[in-house]
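Engineer: turn this into a structure:
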Amino acid sequence: MEAEAMQGVYTKDGSVDLRGRPVLAARTGGWKACAFLVGYEAFERMAFYGVASNLVVYLTTVLREETVASVRNVNNWTGAVWMTPVASGPSPSPPSSTSRDRWILCSTVQ
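Structural biologist: Numbering: from 1, shown residues only. Presented below is the predicted three-dimensional model:
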């Protein structure tokens with residue numbers, strides 16, 4: 001009877017913590033995960049635009065391109081980066097032999 005009561009406390013998908021113990025459902029996901037994702041996306045955007053601005057500086061100083069040409073090249077690069085996921089099409093559902101985490105990793109690398 002006690003085992004049945006404890007069954008509802010843990011996650012239903014078989015998640016485990018770093019030590020291999022079942023994870024409490026109340027301590028997973030929720031707003032903590034949302035804050036992590038928002039922070040991750042913010043830092044990813046800052047890194048992307050930092051690389052874009054550094055690329056303009058590199059093209060104008062090291063490669064001696066004109067400023068207008070280097071900005072045009074960086075804009076073309078930015079457009080290619082944004083259109084690559086659209087051109088590759090939607091990701092199919094993962095095959096049953098592949099773990100969910102590995103499939104997410106492969107689909108983000110596209």
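Engineer: where does the protein have its least confident helix or strand?
Structural biologist: The least trusted helix or strand in the chain, going by mean pLDDT, DSSP states H and E, turns out to be helix 2-7, with a mean of 55.
Engineer: average model confidence for the helix or strand following that one?
Structural biologist: Toward the C-terminal end, the helix or strand that comes next after helix 2-7 (DSSP states H and E) is helix 30-61. Averaging pLDDT along helix 30-61 yields 90.
Engineer: for helix 30-61, buried residues please.
Structural biologist: For helix 30-61, a neighbour-count test (16 or more other Cβ atoms under 10 Å) marks 55-56, 59-60 as buried. The way it works is simple: take the backbone N, C-alpha and C, and place the C-beta from them, glycine included.
Engineer: a markdown table please, covering those residues and showing distance to residue 46.
Structural biologist: Below are the buried residues of helix 30-61 laid out as a markdown table (distance: Cβ to Cβ, whole Å):
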| residue | distance to residue 46 |
| --- | --- |
| 55 | 15 |
| 56 | 16 |
| 59 | 20 |
| 60 | 22 |
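Engineer: can you tell me which of those is closest to residue 73?
Structural biologist: Nearest to residue 73 out of those is residue 59 (Cβ to Cβ; 6.2 Å).
Engineer: what's the spacing between that closest one and residue 81?
Structural biologist: Plainly put, residue 59 is 16 Å away from residue 81 if you go by Cβ to Cβ, to the nearest Å.
Engineer: for residue 22, same thing?
Structural biologist: For residue 22, the distance to residue 81 (Cβ to Cβ) stands at 41 Å.
Engineer: same check on residue 49?
Structural biologist: 11 Å.
Engineer: also residue 65?
Structural biologist: Distance of residue 65 to residue 81, given as Cβ to Cβ: 19 Å.
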